[in-house]
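Q: Following is a predicted model, sequence given first.
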Amino acid sequence: MNAPSFTGFPGAQPFAPARYPGLEGKVVLNTGGASGIGRAMAHGFARHGARLVLLDLDAEGLAATRNELEAAFPGVQVLTMQASITDDEAVERACAEVEAHFGRIDILLNNAGISMNKPSIALTPAEWRRAIDIDLSGVFYCTQAAARRMIRQNGGVILSTASMWGMVSSANRLAYCAAKAGVVSLTRSLAAEWAQHNIRVNAVCPGYTRTALTDSLIERRALDAEALMARTPLRRFGTPEEMAEVALFLASDAAAFITGHALVSDGGWTADGF
């Protein structure tokens, strides 16, 4: 039997991007910027005239995203770096390079991460460590390294992509839920600790979002698109551009009094207990 084709997007409205104050010229370090939500955020910040640093392990994806940005936004400044966020020394070197190149880091977008869906009884120690290393420890390494610069410059914004699964639980997603809940807790703790340095720390918690990874999981029948949309009150998936829009708002001066917040963008999934 052929894999199901999933091309429909019921209920989606035409995307209408907004403008947000205070982003032009800002230096944005975007981990996981080569694909998915991270790439959509790169486009959103480029649209606002920010200077971008994309950090990812995917060299081909980095080059493709950079080419897209330069074609869509002539004159945009884009620096790419290939590194793993699980290597704290590599992360520190990357942040030092950004500071040397641009003089500062204004905004950190923690997008790099992996998904994991497996019965907990079958979860291996190596799989558990990989999920925690990438989805939680890597976020901390990047956050700490960027914050060292932000403290010296007396301000900055740190924004981590968590998940709705960091706010609610799910069977067969133990490692992922634990890591993303850790990101939400990290966000709240550091927001309180670093407010004295004028650093705002927030998180975006997406629901099911149409990315290349999601599409591949649907094609392989690892996800049931129709069932997931039926479970979502808005009856559709989100788009990477919609998640990027949340990030733009939280990073902008329009959200100047918001810190320690985890903003859920899930089409109503977590609101509907049934």
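A: Looks like it arrived, so ask away. Since this is a predicted model, take the numbers as computed values, not measurements. Residues are numbered from 1 along each chain as shown.
Q: where along the stretch 151-274 of the chain do the strands fall?
A: Taking DSSP state E, counting those that start in this stretch, the strands of the stretch 151-274 of the chain run over residues 156-161, 199-206, 262-265.
Q: Quick check: which of these is nearest to L228?
A: Among the strands of the stretch 151-274 of the chain, strand 199-206 comes nearest to L228, with 13.1 Å by CB to CB. (C-beta placed from N, C-alpha, C; glycine too.)
Q: Which elements pack onto that closest one?
A: helix 138-152, strand 156-161, helix 174-194, helix 240-251, strand 262-265 (3 or more CB pairs under 8 Å, 6 or more residues apart in numbering; DSSP states H and E).
Q: quick check: mean pLDDT across the third one?
A: When the per-residue pLDDT values of helix 174-194 are averaged, the result is 98.
Q: again with the shortest one
A: Mean per-residue pLDDT for strand 262-265: 98.
Q: Also the second one?
A: Confidence for strand 156-161, expressed as mean pLDDT, is 98.
Q: strands paired with it, and their directions?
A: Here strand 156-161 has these sheet partners by DSSP bridges: strand 107-110 (parallel), strand 199-206 (parallel).
Q: Quick one: distance of whichever helix or strand comes after the shortest one to the chain centre.
A: It stands for strand 107-110. Next helix or strand after strand 107-110 toward the C-terminus (DSSP states H and E): helix 125-132. Here helix 125-132 shows a centroid-to-chain-centroid distance of 20 Å under the convention CA atoms, centre = their mean, to the nearest Å.
Q: Show me which positions of helix 125-132 end up buried.
A: For helix 125-132, a neighbour-count test (16 or more other CB atoms under 10 Å) marks W128, R130, A131, I132 as buried.
Q: Same check on stretch 190-205?
A: Residues of stretch 190-205 classed as buried by neighbour count (16+ other CB under 10 Å): L190, A191, W194, I199, R200, V201, N202, A203, V204, C205.
Q: JSON lines please, covering the strands paired with strand 156-161 and showing mean pLDDT and distance to E89.
A: Listed next are those as JSON lines, based on pLDDT from 0 to 100; distance: least, CB to CB, whole Å:
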{"stretch": "strand 107-110", "mean pLDDT": "98", "distance to E89": "18"}
{"stretch": "strand 199-206", "mean pLDDT": "98", "distance to E89": "23"}
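Q: Tell me the one of the buried residues of helix 125-132 nearest P240?
A: A131 (21.8 Å).
Q: contacting residues for that closest one?
A: I114, M116, A175, Y176, A178, A179 (CB atoms under 8 Å, 6 or more residues apart in numbering).
Q: Quick check, the first one in contact with L136.
A: No. Taking CB atoms under 8 Å as the definition, I114 is not a contact partner of L136, at 11.1 Å.
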